[in-house]
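S.K.: Let's see this in three dimensions:
(2 chains)
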Amino acid sequence: MAAPKKGREPSLADQIAASGETEISQTALSLRDDVADQRFLGREFLTWLVYFCDEDGDGGQFAGTDRVAPFRMRVGERAVLRALGDATGEIAARGPATGHSSDVRYAIAGGLTVRELDLILERDERLWMVTVSAEHFDLKRVKLPELLSEEDSERVSERLGLIADLDGMLKAAFAVFLHDRLSSRWQKQTIPALRDWLKRSILEQKYLAREA
Amino acid sequence: MGALSGGITLRRYRVNGSAPKDFKEAYEKSVRAHVLVPINVESNEDKSLGWSSIFDENDLDLSFDKFFFEGHIMLALRQDTLKPPAAMVKRLLKQRQQHIESERGQLLSAAALRDLKAILVAELRKTTPPKTRTVDVVWNLEEQRLAIYSHAKSMNEALLALFSQTFNLGLDIEGPALWAKEQSEHDSKQVAQLKSARPTLELLHGFVGLRPTPHGHEEGAALASALRGELSQGA
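M.R.: Residues are numbered from 1 along each chain as shown, chains lettered A, B, ... in the order given. Got it, this is the predicted structure:
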């Protein structure tokens, strides 16, 4: 350890260096938490959804299960992406076609993942809109389809049912992601396909910039 | 904004355990014991927390049929705060102080000022209406899931404490880990895969070759190494 300047107390960094302990970066600390709580599943799911809901992906179409009828999902008007740890970068993208936004794809290509995402879910010609957070799958700005019941008690029941339907669809989408994520298909097919999808967008953007 | 009308913001919890067979009587008794008690203006307390009806925040007389609906327990978590506005206290204190000092012809001591403030606050408590904040809570008994219609940290912490005191059951916050665990628990292969799953490097460090990444090259290599180390531990 370099001797502190005369009259100066050793800083915390000096003391850590003198102790022989290895300084841990914020990124490494965040990674540790990310793994311990399996939080990475949330941000990877929302990031995967941006790709899956694109026409070049599966167009956001989810097949039904015994509990959930088939539905379609689209990315809404807002996405927030962030890098892990202290790396620079938080992007909030807004616009009518956020899922197609080259800024969003460029951010994903750079290791930023989606932390909040606006989604539009469509089933039987009815629409749900929601903002989902990656950390706890908190929901906000939820808009339900218009209620069909007239009696107050029936409306309460219908509203609870529609919220449960929304949850059911989100869980069904997560199940599709998880099945892929935990299999060898994830590294062998999905990540390369995601890479190609990002590459096409970035190359297209470069071409457009050159032409401009 | 809440479960019954308006915009929806919600967080979900998993309830640890199920309701007892005779929950009707037990829960009515317990909910009534933990209903909000209005703040006594003569006392020093400035906050009160408890349950109220989800249909009417002023209804504190909670019989079972007022909070049980189609397999759901539905309550409002109500918090009352009684605190005279600080700016008003400061302004009135200054007025009183000037009045007393001009009458007596001498300055008030620090201790006398503190006493004067306490008297003033006690007077204002009688005329200041409490601020009421309610958050809807809906518990699906069959699915053992609960939704609170707020992300506010203070209200979520209040819920954890009050729910436990009322129903003698704990709550675990939902999220990707819990969903993944539930969805894979019937498939032993998936359980093992989930246990060993680690963050995808490309979704941490970026896709090498496509563009510059926020983590430098060294940090990216360190991340990859850390992940490989975690993989070998988890396998």
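S.K.: all strands of the chain, in order?
M.R.: Just going to use chain A. Using DSSP state E, the strands of chain A run over A:61-62, A:71-82, A:90-94, A:113-123, A:126-133, A:139-143.
S.K.: switch to chain B, that's the one I care about
M.R.: B:8-16, B:47-53, B:68-69, B:72-81, B:131-140, B:145-148, B:170-173.
S.K.: hmm, back to that, mind checking the strands of chain A for the one nearest to chain B?
M.R.: Smallest distance to chain B across the strands of chain A (CB to the nearest CB): 3.6 Å, for strand A:139-143. For the C-beta atoms, the positions are set from N, CA and C on the backbone; glycine is no exception.
S.K.: give the contact list for B:Gln202.
M.R.: For the record, residue B:202 is Glu, not Gln. Taking CB atoms under 8 Å, 6 or more residues apart in numbering or on different chains as the criterion, B:Glu202 is in contact with A:111, A:191, A:194-195, B:208.
S.K.: mind running it again at 10 Å?
M.R.: A:108-109, A:111, A:187, A:191-192, A:194-195, A:198, B:208, B:210, B:213 (CB atoms under 10 Å, 6 or more residues apart in numbering or on different chains).
S.K.: okay if I get the residues you listed as a markdown table plus pLDDT and neighbour count?
M.R.: Listed next are the contacts of B:Glu202 as a markdown table, based on pLDDT from 0 to 100; neighbours: other CB atoms under 10 Å in any protein chain shown:
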| residue | pLDDT | neighbour count |
| --- | --- | --- |
| A:Ile108 | 93 | 26 |
| A:Ala109 | 92 | 24 |
| A:Gly111 | 89 | 25 |
| A:Gln187 | 95 | 13 |
| A:Ile191 | 95 | 17 |
| A:Pro192 | 95 | 11 |
| A:Leu194 | 94 | 24 |
| A:Arg195 | 94 | 16 |
| A:Leu198 | 91 | 24 |
| B:Val208 | 85 | 14 |
| B:Leu210 | 83 | 19 |
| B:Thr213 | 69 | 22 |
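S.K.: coming back round to it: quick one: closest of the strands of chain B to chain A.
M.R.: Using CB to the nearest CB, these put strand B:8-16 closest to chain A, at 3.6 Å.
S.K.: That closest one and chain A, any residue contact?
M.R.: Yes - applying CB under 10 Å from any CB of the partner chain, one finds that strand B:8-16 is in contact with chain A at B:8-13.
S.K.: how close does B:Phe67 sit to A:Leu182?
M.R.: Applying CB to CB, to the nearest Å, the value for B:Phe67 to A:Leu182 is 40 Å.
S.K.: one step back: and the furthest pair within the contacts of B:Glu202?
M.R.: For those, the farthest-apart pair by CB to CB is A:Gln187 and B:Thr213; their separation is 18.9 Å.
S.K.: and residue 185, how many neighbours?
M.R.: Picked chain A for this. 12 (other CB atoms under 10 Å in any protein chain shown).
S.K.: try again with chain B
M.R.: With other CB under 10 Å as criterion, B:Glu185 counts 11.
S.K.: can you pull the contacts of it?
M.R.: Counting by CB under 10 Å, 6+ apart, B:Glu185 has contacts B:191, B:194.
S.K.: same thing with B:Arg96?
M.R.: B:108, B:113, B:116-117, B:119-120.
S.K.: Closest one to chain A out of those, please.
M.R.: Nearest member of the contacts of B:Arg96 to chain A, counting by CB to the nearest CB, is B:Leu113, at 39.8 Å.
S.K.: A:Asp103 versus that closest one, what's the distance?
M.R.: Taken as CB to CB, the span from B:Leu113 to A:Asp103 is 58 Å.
S.K.: closest one to A:Phe52 among the strands of chain B?
M.R.: Closest among those, using CB to CB: strand B:8-16, at 22.9 Å.
S.K.: in chain B, which residue is closest to the centre?
M.R.: In chain B, the centroid-proximal residue (CA atoms, centre = their mean) is B:Asn156; its distance is 1.6 Å.
S.K.: domains for chain B, by residue range?
M.R.: B:11-82+B:130-176, B:86-127, B:178-234 (automatic domain parsing).
S.K.: mind putting those domains in JSON lines, distance to A:Asp118 included?
M.R.: Listed next are these as JSON lines, based on distance: least, CB to CB, whole Å:
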{"stretch": "domain B:11-82+B:130-176", "distance to A:Asp118": "16"}
{"stretch": "domain B:86-127", "distance to A:Asp118": "39"}
{"stretch": "domain B:178-234", "distance to A:Asp118": "20"}
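S.K.: Considering those, which stretch scores lowest in mean pLDDT?
M.R.: Taking each of the domains of chain B in turn, the lowest mean pLDDT turns up on domain B:178-234, with a mean of 78.
S.K.: could the strands of chain B be laid out in CSV, adding mean neighbour count?
M.R.: Output for the strands of chain B, formatted as CSV (neighbours: other CB atoms under 10 Å in any protein chain shown):
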stretch, mean neighbour count
strand B:8-16, 20
strand B:47-53, 20
strand B:68-69, 18
strand B:72-81, 22
strand B:131-140, 20
strand B:145-148, 22
strand B:170-173, 15
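S.K.: With adjacent residues omitted, what lies nearest to residue 69?
M.R.: Chain wasn't specified; assuming chain A. Excluding the flanking residues, the one nearest A:Ala69 by CB to CB, 6 or more residues apart in numbering or on different chains is A:Arg123, at 5.9 Å.
S.K.: if you could check chain B rather than the one you did, that'd help
M.R.: A:Val156 (6.8 Å).
S.K.: any weak-confidence spans in chain A?
M.R.: A:1-8, A:13, A:16-17, A:20-31, A:33, A:36, A:55-58, A:85-88, A:205-212 (pLDDT under 70).
S.K.: still on that earlier bit, quick one: closest of the strands of chain B to A:Arg32.
M.R.: Among the strands of chain B, strand B:170-173 sits nearest to A:Arg32 (CB to CB), with 19.4 Å.
S.K.: doesn't A:Gly42 make contact with B:Ala180?
M.R.: Yes - with contact defined as CB atoms under 10 Å, B:Ala180 reaches A:Gly42; the gap is 9.5 Å.
S.K.: shared neighbours of those two, which are they?
M.R.: Contacts common to B:Ala180 and A:Gly42, judged by CB under 10 Å, 6+ apart, are A:Phe174.
S.K.: Report the beta-bridge partner residues of A:Arg126.
M.R.: A:Arg123 (DSSP bridges).
S.K.: what sits against it?
M.R.: So A:Arg126 contacts A:71, A:144-146, A:148, A:162, A:165 (CB under 10 Å, 6+ apart).
S.K.: circling back: let's have the residues of strand B:8-16 next to chain A in JSON lines, adding distance to B:Leu162.
M.R.: Below are those laid out as JSON lines (distance: CB to CB, whole Å):
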{"residue": "B:Ile8", "distance to B:Leu162": "22"}
{"residue": "B:Thr9", "distance to B:Leu162": "19"}
{"residue": "B:Leu10", "distance to B:Leu162": "17"}
{"residue": "B:Arg11", "distance to B:Leu162": "15"}
{"residue": "B:Arg12", "distance to B:Leu162": "17"}
{"residue": "B:Tyr13", "distance to B:Leu162": "13"}
